[in-house]
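Participant: For reference, the sequence and a predicted model appear below.
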Amino acid sequence: MHKIDIDLVEMTLDVMKYAINRISAVEHPIGKPKKEEELKALVGETVTPEGVGGEYAFKLWRKYLSKANVPVDHPRNLAFVPASPTRAAVMFDLVTSVSSIHGAYWMEGAGGIFCENEAMRWMVSLTGLPDGAFGVFTSGGTAANLSAIVTAREFWRKDDTYKREKGLIITSIGAHSSIKAMAKVADVDILLVDTEEKLTGEDLRTTIDSLSFYQRKRLFAVVATGGTTNAGIIDDLDGIATVCEREKLWFHVDAAYGGGALVADSARHLFNGIERADSITIDPHKWMFSPYDCGAVIYKKPELAKEAHSQQGSYLDIFKDEGAHGFNPTDYQIQLTRRVRGLPLWFSLATHGTDSYKVAVERGLELAQIAGKMIEENPNVELVREPSLSCVLFRRIGWQPEDYKHWTYENHKSGFALVTPTKWKNGDTFETVSRFCFINPDTTEKDIQMILDSME
Ligand SMILES: *Cc1c(COP(=O)(O)O)cnc(C)c1O
(Lines give C-alpha, C1' and ligand atoms only; values in the text may rest on other atoms or scores of the structure.)
Protein backbone atom coordinates (compact mmCIF):
# COMPACT_ATOMS: atom_id res chain seq x y z
CA MET A 1 0.00 0.00 0.00
CA HIS A 2 2.87 2.34 0.69
CA LYS A 3 5.26 1.28 -2.07
CA ILE A 4 6.17 3.54 -4.96
CA ASP A 5 5.30 2.27 -8.44
CA ILE A 6 4.49 3.68 -11.87
CA ASP A 7 0.79 3.99 -11.04
CA LEU A 8 1.59 6.05 -8.00
CA VAL A 9 3.81 8.39 -9.97
CA GLU A 10 1.06 8.93 -12.52
CA MET A 11 -1.50 9.40 -9.80
CA THR A 12 0.72 12.00 -8.17
CA LEU A 13 1.00 13.89 -11.45
CA ASP A 14 -2.78 13.75 -11.97
CA VAL A 15 -3.43 15.07 -8.49
CA MET A 16 -0.84 17.82 -8.92
CA LYS A 17 -2.40 18.80 -12.22
CA TYR A 18 -5.80 19.05 -10.58
CA ALA A 19 -4.33 21.18 -7.78
CA ILE A 20 -2.53 23.44 -10.25
CA ASN A 21 -5.70 23.92 -12.29
CA ARG A 22 -7.72 24.79 -9.23
CA ILE A 23 -5.08 27.19 -7.91
CA SER A 24 -4.55 28.98 -11.22
CA ALA A 25 -8.22 29.19 -12.25
CA VAL A 26 -9.55 32.73 -12.42
CA GLU A 27 -13.12 31.62 -11.98
CA HIS A 28 -14.63 28.21 -11.43
CA PRO A 29 -18.20 26.92 -11.19
CA ILE A 30 -20.10 27.85 -8.06
CA GLY A 31 -21.14 24.23 -7.42
CA LYS A 32 -24.34 22.77 -6.03
CA PRO A 33 -25.07 20.04 -3.47
CA LYS A 34 -26.92 16.86 -4.41
CA LYS A 35 -28.81 14.41 -2.24
CA GLU A 36 -26.78 11.55 -0.83
CA GLU A 37 -28.84 8.95 -2.74
CA GLU A 38 -28.20 10.81 -5.97
CA LEU A 39 -24.46 10.86 -5.36
CA LYS A 40 -24.49 7.19 -4.42
CA ALA A 41 -26.31 6.36 -7.65
CA LEU A 42 -23.68 8.28 -9.63
CA VAL A 43 -20.57 6.78 -8.06
CA GLY A 44 -21.64 3.37 -6.75
CA GLU A 45 -19.52 1.43 -4.25
CA THR A 46 -16.12 3.00 -3.75
CA VAL A 47 -14.88 1.48 -0.51
CA THR A 48 -14.46 -2.22 -1.27
CA PRO A 49 -12.09 -5.01 -0.12
CA GLU A 50 -9.98 -4.72 -3.28
CA GLY A 51 -10.37 -0.98 -3.82
CA VAL A 52 -11.63 0.58 -7.04
CA GLY A 53 -8.23 2.05 -7.91
CA GLY A 54 -6.99 5.60 -7.59
CA GLU A 55 -7.49 6.50 -11.19
CA TYR A 56 -11.15 5.52 -11.12
CA ALA A 57 -11.82 7.07 -7.72
CA PHE A 58 -10.21 10.30 -8.82
CA LYS A 59 -12.31 10.30 -11.96
CA LEU A 60 -15.43 10.01 -9.79
CA TRP A 61 -14.20 12.91 -7.73
CA ARG A 62 -13.59 15.14 -10.72
CA LYS A 63 -16.72 14.20 -12.59
CA TYR A 64 -19.32 14.13 -9.82
CA LEU A 65 -18.21 14.67 -6.27
CA SER A 66 -16.11 17.81 -6.61
CA LYS A 67 -19.09 19.45 -8.34
CA ALA A 68 -21.41 18.70 -5.45
CA ASN A 69 -19.58 21.22 -3.27
CA VAL A 70 -20.14 24.96 -3.14
CA PRO A 71 -16.65 26.48 -3.05
CA VAL A 72 -16.72 29.53 -0.81
CA ASP A 73 -14.07 31.45 -2.72
CA HIS A 74 -16.28 32.24 -5.72
CA PRO A 75 -16.44 36.06 -6.14
CA ARG A 76 -20.25 35.94 -6.21
CA ASN A 77 -20.52 33.68 -3.18
CA LEU A 78 -21.52 36.31 -0.62
CA ALA A 79 -23.41 33.94 1.70
CA PHE A 80 -22.65 33.23 5.37
CA VAL A 81 -18.99 34.20 5.80
CA PRO A 82 -17.30 33.26 2.52
CA ALA A 83 -13.54 32.87 2.13
CA SER A 84 -10.76 33.66 -0.23
CA PRO A 85 -7.54 31.88 0.63
CA THR A 86 -4.49 33.26 -1.15
CA ARG A 87 -2.82 31.01 -3.67
CA ALA A 88 0.35 31.09 -1.58
CA ALA A 89 -1.59 29.84 1.45
CA VAL A 90 -3.29 27.08 -0.53
CA MET A 91 0.03 25.92 -1.94
CA PHE A 92 1.52 25.76 1.51
CA ASP A 93 -1.47 23.82 2.74
CA LEU A 94 -0.28 21.13 0.33
CA VAL A 95 3.23 21.44 1.76
CA THR A 96 1.79 21.13 5.27
CA SER A 97 0.08 17.87 4.29
CA VAL A 98 3.05 16.24 2.65
CA SER A 99 5.38 17.18 5.51
CA SER A 100 3.61 14.99 8.11
CA ILE A 101 4.23 17.31 11.01
CA HIS A 102 2.70 16.54 14.39
CA GLY A 103 2.01 20.05 15.63
CA ALA A 104 1.39 19.40 19.31
CA TYR A 105 4.98 19.62 20.56
CA TRP A 106 8.05 21.62 19.67
CA MET A 107 10.02 18.38 19.85
CA GLU A 108 8.32 17.11 16.70
CA GLY A 109 7.21 20.28 15.00
CA ALA A 110 9.81 22.94 15.85
CA GLY A 111 10.22 24.24 12.30
CA GLY A 112 6.49 24.38 11.62
CA ILE A 113 5.62 25.78 15.03
CA PHE A 114 8.32 28.44 14.62
CA CYS A 115 6.54 29.62 11.45
CA GLU A 116 3.14 29.52 13.14
CA ASN A 117 4.50 31.62 15.99
CA GLU A 118 5.92 34.22 13.59
CA ALA A 119 2.45 34.59 12.06
CA MET A 120 0.92 34.61 15.55
CA ARG A 121 3.19 37.45 16.70
CA TRP A 122 1.82 39.55 13.87
CA MET A 123 -1.76 38.70 14.83
CA VAL A 124 -1.09 39.52 18.48
CA SER A 125 0.46 42.85 17.43
CA LEU A 126 -2.80 43.75 15.67
CA THR A 127 -4.73 43.36 18.92
CA GLY A 128 -2.51 45.73 20.93
CA LEU A 129 -2.49 43.29 23.87
CA PRO A 130 0.41 43.90 26.31
CA ASP A 131 3.77 42.11 26.23
CA GLY A 132 3.50 38.47 27.16
CA ALA A 133 0.23 37.96 25.30
CA PHE A 134 0.30 35.07 22.86
CA GLY A 135 -1.87 32.51 21.16
CA VAL A 136 -2.21 29.32 19.16
CA PHE A 137 -3.94 28.23 16.02
CA THR A 138 -7.03 26.07 16.46
CA SER A 139 -9.38 24.23 14.14
CA GLY A 140 -11.64 27.28 14.09
CA GLY A 141 -13.54 29.85 16.09
CA THR A 142 -15.59 27.25 17.91
CA ALA A 143 -12.53 25.49 19.31
CA ALA A 144 -10.95 28.86 20.09
CA ASN A 145 -14.04 30.03 22.00
CA LEU A 146 -14.18 26.75 23.92
CA SER A 147 -10.49 26.92 24.80
CA ALA A 148 -10.94 30.48 26.08
CA ILE A 149 -14.11 29.72 28.10
CA VAL A 150 -12.46 26.71 29.76
CA THR A 151 -9.36 28.77 30.58
CA ALA A 152 -11.55 31.48 32.12
CA ARG A 153 -13.58 28.96 34.13
CA GLU A 154 -10.51 27.15 35.47
CA PHE A 155 -8.96 30.47 36.47
CA TRP A 156 -12.16 31.48 38.29
CA ARG A 157 -12.37 28.15 40.06
CA LYS A 158 -8.88 28.46 41.46
CA ASP A 159 -10.61 30.42 44.20
CA ASP A 160 -12.09 27.93 46.68
CA THR A 161 -15.25 30.01 46.99
CA TYR A 162 -16.23 29.00 43.47
CA LYS A 163 -14.82 25.50 43.31
CA ARG A 164 -18.18 23.76 43.27
CA GLU A 165 -20.20 26.45 41.54
CA LYS A 166 -21.61 26.22 38.06
CA GLY A 167 -20.32 29.27 36.22
CA LEU A 168 -22.37 31.88 34.37
CA ILE A 169 -21.36 34.03 31.43
CA ILE A 170 -23.03 37.04 29.83
CA THR A 171 -23.16 37.75 26.12
CA SER A 172 -25.74 39.19 23.71
CA ILE A 173 -28.08 37.56 21.21
CA GLY A 174 -25.78 38.91 18.50
CA ALA A 175 -23.09 36.46 19.67
CA HIS A 176 -22.29 33.52 17.43
CA SER A 177 -24.10 30.21 18.06
CA SER A 178 -20.79 28.61 19.05
CA ILE A 179 -20.74 30.65 22.28
CA LYS A 180 -23.99 29.00 23.38
CA ALA A 181 -22.88 25.60 22.14
CA MET A 182 -19.48 25.81 23.85
CA ALA A 183 -20.98 27.07 27.11
CA LYS A 184 -22.91 23.80 27.08
CA VAL A 185 -19.72 21.80 26.52
CA ALA A 186 -18.00 23.66 29.36
CA ASP A 187 -21.15 23.21 31.50
CA VAL A 188 -21.65 26.88 32.22
CA ASP A 189 -24.90 28.83 32.07
CA ILE A 190 -25.31 31.70 29.69
CA LEU A 191 -27.31 34.89 30.00
CA LEU A 192 -28.18 36.63 26.74
CA VAL A 193 -28.65 40.39 26.68
CA ASP A 194 -31.53 40.95 24.28
CA THR A 195 -29.86 43.08 21.64
CA GLU A 196 -28.49 42.30 18.24
CA GLU A 197 -27.23 45.86 17.98
CA LYS A 198 -24.00 46.93 19.70
CA LEU A 199 -23.72 45.64 23.28
CA THR A 200 -22.57 48.56 25.43
CA GLY A 201 -20.84 48.83 28.78
CA GLU A 202 -24.07 50.34 30.08
CA ASP A 203 -26.14 47.34 28.89
CA LEU A 204 -23.70 45.10 30.68
CA ARG A 205 -23.82 47.23 33.84
CA THR A 206 -27.65 47.10 33.87
CA THR A 207 -27.63 43.35 33.30
CA ILE A 208 -25.17 42.70 36.12
CA ASP A 209 -27.17 44.96 38.46
CA SER A 210 -30.29 42.91 37.72
CA LEU A 211 -28.70 39.60 38.76
CA SER A 212 -29.71 37.82 41.93
CA PHE A 213 -27.05 37.49 44.62
CA TYR A 214 -26.45 33.88 43.65
CA GLN A 215 -26.28 34.60 39.91
CA ARG A 216 -23.75 37.34 40.54
CA LYS A 217 -21.67 34.90 42.55
CA ARG A 218 -21.61 32.48 39.60
CA LEU A 219 -20.81 35.12 36.98
CA PHE A 220 -17.19 34.81 35.83
CA ALA A 221 -16.94 36.00 32.22
CA VAL A 222 -18.37 38.25 29.52
CA VAL A 223 -18.18 37.52 25.81
CA ALA A 224 -18.28 40.51 23.49
CA THR A 225 -18.34 40.18 19.72
CA GLY A 226 -15.83 41.90 17.47
CA GLY A 227 -17.97 41.80 14.35
CA THR A 228 -21.22 39.84 14.62
CA THR A 229 -21.53 37.13 12.02
CA ASN A 230 -24.95 38.29 10.92
CA ALA A 231 -24.37 42.04 10.62
CA GLY A 232 -20.72 42.89 11.31
CA ILE A 233 -21.54 44.79 14.51
CA ILE A 234 -18.69 45.44 16.93
CA ASP A 235 -19.69 45.69 20.58
CA ASP A 236 -18.52 48.60 22.75
CA LEU A 237 -15.31 46.82 23.69
CA ASP A 238 -13.87 49.68 25.73
CA GLY A 239 -17.03 50.15 27.79
CA ILE A 240 -17.36 46.41 28.37
CA ALA A 241 -13.69 46.17 29.37
CA THR A 242 -14.21 48.86 32.02
CA VAL A 243 -17.13 46.96 33.56
CA CYS A 244 -15.22 43.66 33.43
CA GLU A 245 -12.20 45.18 35.16
CA ARG A 246 -14.34 46.73 37.88
CA GLU A 247 -16.28 43.50 38.42
CA LYS A 248 -13.23 41.22 38.09
CA LEU A 249 -14.74 39.30 35.18
CA TRP A 250 -12.90 37.55 32.37
CA PHE A 251 -13.30 39.55 29.16
CA HIS A 252 -13.39 37.45 25.99
CA VAL A 253 -13.73 39.02 22.55
CA ASP A 254 -15.02 36.77 19.80
CA ALA A 255 -13.63 38.35 16.65
CA ALA A 256 -13.65 35.14 14.61
CA TYR A 257 -15.05 36.94 11.58
CA GLY A 258 -14.28 40.61 12.29
CA GLY A 259 -10.75 40.14 13.61
CA GLY A 260 -9.30 40.35 10.12
CA ALA A 261 -10.37 44.00 10.04
CA LEU A 262 -7.87 44.81 12.82
CA VAL A 263 -5.31 45.11 10.05
CA ALA A 264 -7.33 47.81 8.25
CA ASP A 265 -6.43 51.37 9.29
CA SER A 266 -9.93 52.55 8.41
CA ALA A 267 -11.57 50.08 10.82
CA ARG A 268 -9.04 49.59 13.61
CA HIS A 269 -10.54 52.28 15.89
CA LEU A 270 -13.85 50.39 15.97
CA PHE A 271 -12.08 47.72 18.02
CA ASN A 272 -10.70 50.09 20.67
CA GLY A 273 -10.73 48.24 23.98
CA ILE A 274 -9.80 44.88 22.45
CA GLU A 275 -6.31 45.42 23.91
CA ARG A 276 -7.91 45.06 27.36
CA ALA A 277 -9.30 41.58 26.65
CA ASP A 278 -8.23 38.47 28.56
CA SER A 279 -8.71 36.36 25.45
CA ILE A 280 -9.57 36.88 21.79
CA THR A 281 -10.76 34.59 18.99
CA ILE A 282 -9.76 35.35 15.40
CA ASP A 283 -10.31 33.02 12.43
CA PRO A 284 -7.61 33.33 9.78
CA HIS A 285 -9.83 31.09 7.61
CA LYS A 286 -12.40 33.84 7.51
CA TRP A 287 -10.78 37.22 6.80
CA MET A 288 -7.07 36.48 6.82
CA PHE A 289 -7.17 34.53 3.60
CA SER A 290 -6.14 31.12 4.97
CA PRO A 291 -7.58 27.82 3.76
CA TYR A 292 -9.79 25.71 6.04
CA ASP A 293 -9.31 25.09 8.74
CA CYS A 294 -7.54 27.75 10.74
CA GLY A 295 -8.79 29.60 13.79
CA ALA A 296 -6.81 31.17 16.61
CA VAL A 297 -7.14 31.93 20.30
CA ILE A 298 -4.99 34.63 21.88
CA TYR A 299 -4.55 35.14 25.63
CA LYS A 300 -3.37 38.12 27.60
CA LYS A 301 -1.79 35.62 30.03
CA PRO A 302 -1.01 32.40 28.14
CA GLU A 303 0.18 30.76 31.36
CA LEU A 304 -3.47 30.61 32.50
CA ALA A 305 -4.36 28.67 29.35
CA LYS A 306 -1.49 26.32 30.06
CA GLU A 307 -2.81 25.64 33.56
CA ALA A 308 -6.19 24.79 32.04
CA HIS A 309 -5.15 22.79 29.00
CA SER A 310 -1.73 21.20 29.44
CA GLN A 311 -2.00 17.41 29.21
CA GLN A 312 1.43 16.70 30.69
CA GLY A 313 1.99 13.23 29.25
CA SER A 314 4.57 11.28 31.20
CA TYR A 315 6.45 10.42 27.99
CA LEU A 316 7.29 14.03 27.29
CA ASP A 317 10.09 14.98 29.61
CA ILE A 318 12.58 12.52 28.25
CA PHE A 319 14.35 14.58 25.62
CA LYS A 320 17.92 15.48 26.23
CA ASP A 321 18.15 17.39 22.97
CA GLU A 322 18.10 21.12 23.78
CA GLY A 323 16.37 21.80 20.48
CA ALA A 324 13.43 19.70 21.61
CA HIS A 325 12.39 22.16 24.27
CA GLY A 326 10.16 25.00 23.24
CA PHE A 327 6.59 26.14 22.73
CA ASN A 328 4.04 23.32 22.78
CA PRO A 329 0.80 24.43 21.09
CA THR A 330 -1.16 21.61 22.71
CA ASP A 331 -0.79 23.37 26.09
CA TYR A 332 -2.98 26.31 25.12
CA GLN A 333 -6.11 24.81 23.56
CA ILE A 334 -8.23 21.67 23.61
CA GLN A 335 -6.44 19.54 21.01
CA LEU A 336 -3.44 17.27 21.42
CA THR A 337 -2.47 15.98 17.97
CA ARG A 338 -2.86 18.88 15.60
CA ARG A 339 -2.01 20.02 12.12
CA VAL A 340 0.36 22.99 11.97
CA ARG A 341 -2.54 24.86 10.47
CA GLY A 342 -0.97 28.28 10.89
CA LEU A 343 1.75 27.30 8.41
CA PRO A 344 -0.17 28.32 5.27
CA LEU A 345 -0.87 31.74 6.82
CA TRP A 346 2.82 32.18 7.61
CA PHE A 347 3.86 31.39 4.03
CA SER A 348 1.28 33.75 2.62
CA LEU A 349 2.35 36.56 4.98
CA ALA A 350 5.98 35.95 4.16
CA THR A 351 5.21 35.89 0.43
CA HIS A 352 3.00 38.94 0.18
CA GLY A 353 3.89 41.04 3.21
CA THR A 354 1.45 42.36 5.77
CA ASP A 355 0.67 45.49 3.71
CA SER A 356 -1.05 43.28 1.13
CA TYR A 357 -3.33 42.05 3.89
CA LYS A 358 -4.27 45.65 4.66
CA VAL A 359 -5.15 46.26 1.03
CA ALA A 360 -7.18 43.06 0.67
CA VAL A 361 -9.20 43.65 3.85
CA GLU A 362 -9.76 47.33 3.00
CA ARG A 363 -11.21 46.15 -0.30
CA GLY A 364 -13.81 44.02 1.52
CA LEU A 365 -14.77 47.03 3.64
CA GLU A 366 -14.93 49.21 0.55
CA LEU A 367 -17.12 46.72 -1.32
CA ALA A 368 -19.63 46.88 1.55
CA GLN A 369 -19.73 50.70 1.27
CA ILE A 370 -20.08 50.52 -2.50
CA ALA A 371 -22.91 47.99 -2.19
CA GLY A 372 -24.56 50.29 0.38
CA LYS A 373 -24.51 53.20 -2.10
CA MET A 374 -25.85 51.05 -4.95
CA ILE A 375 -28.69 49.92 -2.70
CA GLU A 376 -29.53 53.51 -1.74
CA GLU A 377 -29.67 54.49 -5.39
CA ASN A 378 -31.82 51.52 -6.41
CA PRO A 379 -35.59 52.07 -5.96
CA ASN A 380 -36.30 48.33 -5.54
CA VAL A 381 -34.21 47.86 -2.44
CA GLU A 382 -33.34 49.62 0.81
CA LEU A 383 -30.75 49.23 3.53
CA VAL A 384 -31.94 47.62 6.75
CA ARG A 385 -29.01 49.31 8.54
CA GLU A 386 -25.78 50.99 7.46
CA PRO A 387 -23.14 48.50 6.25
CA SER A 388 -20.94 47.37 9.15
CA LEU A 389 -17.51 45.89 8.49
CA SER A 390 -18.13 43.88 5.31
CA CYS A 391 -21.77 42.95 6.02
CA VAL A 392 -24.69 44.60 4.27
CA LEU A 393 -28.30 43.89 5.26
CA PHE A 394 -30.96 45.07 2.85
CA ARG A 395 -34.54 44.40 1.89
CA ARG A 396 -36.20 44.04 -1.49
CA ILE A 397 -39.25 46.25 -1.09
CA GLY A 398 -42.43 44.17 -1.15
CA TRP A 399 -40.79 40.77 -0.88
CA GLN A 400 -41.99 38.02 1.42
CA PRO A 401 -39.66 35.38 2.90
CA GLU A 402 -40.57 32.94 0.09
CA ASP A 403 -39.47 35.49 -2.52
CA TYR A 404 -35.98 35.68 -0.98
CA LYS A 405 -35.78 31.91 -0.83
CA HIS A 406 -36.84 31.56 -4.44
CA TRP A 407 -34.38 34.23 -5.57
CA THR A 408 -31.50 32.55 -3.75
CA TYR A 409 -32.48 29.21 -5.24
CA GLU A 410 -32.75 30.50 -8.83
CA ASN A 411 -29.43 32.35 -8.71
CA HIS A 412 -27.69 29.33 -7.26
CA LYS A 413 -29.32 26.86 -9.62
CA SER A 414 -28.14 28.76 -12.68
CA GLY A 415 -24.60 28.86 -11.28
CA PHE A 416 -24.65 32.65 -11.11
CA ALA A 417 -24.32 33.53 -7.42
CA LEU A 418 -24.94 32.38 -3.87
CA VAL A 419 -26.53 35.10 -1.75
CA THR A 420 -28.64 33.89 1.14
CA PRO A 421 -31.28 35.69 3.17
CA THR A 422 -31.03 36.10 6.91
CA LYS A 423 -33.29 37.28 9.71
CA TRP A 424 -33.08 40.65 11.40
CA LYS A 425 -34.92 41.61 14.57
CA ASN A 426 -37.40 44.34 13.80
CA GLY A 427 -39.16 45.33 17.01
CA ASP A 428 -40.57 42.10 18.36
CA THR A 429 -40.56 40.20 15.10
CA PHE A 430 -37.84 38.78 12.91
CA GLU A 431 -37.83 40.07 9.35
CA THR A 432 -36.36 38.05 6.48
CA VAL A 433 -33.87 40.26 4.63
CA SER A 434 -31.01 39.82 2.20
CA ARG A 435 -27.38 39.93 3.22
CA PHE A 436 -24.00 40.37 1.58
CA CYS A 437 -20.76 39.44 3.29
CA PHE A 438 -17.63 40.51 1.40
CA ILE A 439 -14.34 38.73 1.94
CA ASN A 440 -13.04 38.04 -1.55
CA PRO A 441 -11.15 41.06 -2.93
CA ASP A 442 -11.84 39.75 -6.45
CA THR A 443 -15.56 40.50 -6.13
CA THR A 444 -16.28 43.40 -8.49
CA GLU A 445 -18.76 46.25 -8.53
CA LYS A 446 -20.23 44.63 -11.60
CA ASP A 447 -20.84 41.44 -9.61
CA ILE A 448 -22.79 43.45 -7.05
CA GLN A 449 -24.73 45.27 -9.74
CA MET A 450 -25.67 42.02 -11.46
CA ILE A 451 -26.85 40.51 -8.19
CA LEU A 452 -29.01 43.56 -7.41
CA ASP A 453 -30.38 43.50 -10.97
CA SER A 454 -31.42 39.89 -10.44
CA MET A 455 -33.90 41.13 -7.81
CA GLU A 456 -36.03 43.05 -10.30
C1 LIG B 1 -17.64 31.83 12.33
C2 LIG B 1 -17.70 32.30 13.71
C3 LIG B 1 -17.46 31.42 14.77
C4 LIG B 1 -17.22 29.96 14.57
O5 LIG B 1 -16.02 29.74 13.95
P6 LIG B 1 -15.69 28.33 13.24
O7 LIG B 1 -14.37 28.60 12.66
O8 LIG B 1 -16.76 28.13 12.22
O9 LIG B 1 -15.69 27.29 14.27
C10 LIG B 1 -17.45 31.95 16.05
N11 LIG B 1 -17.70 33.25 16.27
C12 LIG B 1 -17.96 34.12 15.27
C13 LIG B 1 -18.21 35.56 15.60
C14 LIG B 1 -17.97 33.67 13.95
O15 LIG B 1 -18.23 34.54 12.96
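Facilitator: Looks like it came in fine.

Participant: going forward, measure contacts between C-alpha atoms and count neighbours the same way
Facilitator: Will do.

Participant: for this protein, which helix is longest?
Facilitator: helix 354-377 (DSSP state H).

Participant: Could I get the buried residue list for it?
Facilitator: Residues of helix 354-377 classed as buried: 357-358, 360-369, 371-372, 374-375 (neighbour count, 16 or more other CA atoms under 10 Å).

Participant: other SSEs contacting it?
Facilitator: strand 381-383, strand 391-396, helix 445-453 (3 or more CA pairs under 8 Å, 6 or more residues apart in numbering; DSSP states H and E).

Participant: the inter-axis angle of the second one versus helix 354-377?
Facilitator: When axes from the mean of the first three to the mean of the last three CA atoms, to 10 degrees is applied, the directions of strand 391-396 and helix 354-377 differ by 20 degrees.

Participant: Which SSE is immediately downstream of strand 391-396?
Facilitator: Remark: after strand 391-396, the chain's next helix or strand is helix 401-413, criterion DSSP states H and E.

Participant: Minimum distance to Leu146: which of the helices and strands packed on helix 354-377 has it?
Facilitator: Closest to Leu146 of these, according to CA to CA: strand 391-396, at 25.3 Å.

Participant: Distance from the chain centre to that closest one, please.
Facilitator: Offset of strand 391-396 from its chain centre (CA atoms, centre = their mean, to the nearest Å): 22 Å.

Participant: and if you look at stretch 61-79?
Facilitator: 19 Å.

Participant: Walking through the stretch 201-350 of the chain, point out its helices one by one.
Facilitator: Assigned by DSSP state H, counting those that start in this stretch, the stretch 201-350 of the chain shows helices spanning 201-209, 213-218, 237-247, 284-287, 302-309, 343-352.

Participant: low pLDDT regions in the chain?
Facilitator: Scanning the chain for pLDDT under 70 picks out 313-318.

Participant: how deep is Pro49 tucked in, by neighbour count?
Facilitator: Using other CA atoms under 10 Å, Pro49 has 6 neighbouring residues.

Participant: Then the one 10 residues further on?
Facilitator: A total of 13 residues lie near Lys59 under the criterion other CA under 10 Å.

Participant: which residues are contacting the helix or strand it falls within?
Facilitator: Counting by DSSP H and E, the element that carries Lys59 is helix 54-60. Under the criterion CA atoms under 8 Å, 6 or more residues apart in numbering, residues Met11, Val43, Thr46 lie in contact with helix 54-60.

Participant: any idea how far the last one is from the ligand?
Facilitator: Noted for Thr46: a distance of 30 Å to the ligand, by CA to the nearest ligand atom, to the nearest Å.

Participant: can you tell me the helix or strand for Met455?
Facilitator: Per DSSP H and E: nothing holds Met455, as it lies in no helix or strand.

Participant: Leaving out sequence neighbours, find the closest residue to Glu203.
Facilitator: Let me fix one detail, which is that residue 203 is Asp and not Glu. Val193 (7.7 Å; CA to CA, 6 or more residues apart in numbering).
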